[in-house]
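Undergrad: Sequence first, predicted model second:
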Amino acid sequence: MPNPKRRHSKARRGKRRAHDALQVPQPTLCPNCQEPRMQHRVCPKCGHYKGRQVVQVEQT
């Protein structure tokens with residue numbers, strides 16, 4: 001099994017790991033009720049997804 005012959009520098013290691021950071025999820029506005037919601041998920045306030053009622057949400 002091949003092994004590295006020389007040690008990789010900290011800069012080279014950092015360049016490799018540059019894209020590994022977690023990103024903060026970006027909420028979007030629900031087109032029905034204008035409340036922020038996560039993308040590709042049913043709106044927790046009104047229960048709409050892709051322009052139609054998917055889940056019946058009880059009003060409090």
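TA: Structure received.

Undergrad: Work out the gap between stretch 11-29 and the centre of the chain.
TA: 12 Å (CA atoms, centre = their mean, to the nearest Å).

Undergrad: Can you give me the buried ones in it?
TA: For stretch 11-29, a neighbour-count test (16 or more other CB atoms under 10 Å) marks nothing as buried. Every C-beta, even on glycine, is put in place using the N, C-alpha and C of the backbone.

Undergrad: pLDDT averaged over it - what is it?
TA: On average, the pLDDT along stretch 11-29 is 95.

Undergrad: quick one: the strands in this protein?
TA: Secondary structure of the chain (DSSP state E): strands located at 28-29, 36-37, 48-49, 52-53.

Undergrad: Distance to K5 for those strands - can I get that in JSON lines?
TA: As requested, the strands of the chain are arranged in JSON lines below (distance: least, CB to CB, whole Å):
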{"stretch": "strand 28-29", "distance to K5": "49"}
{"stretch": "strand 36-37", "distance to K5": "52"}
{"stretch": "strand 48-49", "distance to K5": "54"}
{"stretch": "strand 52-53", "distance to K5": "60"}
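
Undergrad: of the ones you listed, which approaches N3 most closely?
TA: Nearest to N3 among those is strand 28-29; the distance by CB to CB comes to 47.2 Å.

Undergrad: So what touches the closest one?
TA: With contact meaning CB atoms under 8 Å, 6 or more residues apart in numbering, strand 28-29 is reached by 35-39.

Undergrad: partners of that strand in the sheet?
TA: Taking DSSP bridges as the criterion, strand 28-29 sits next to strand 36-37 (antiparallel) in its sheet.
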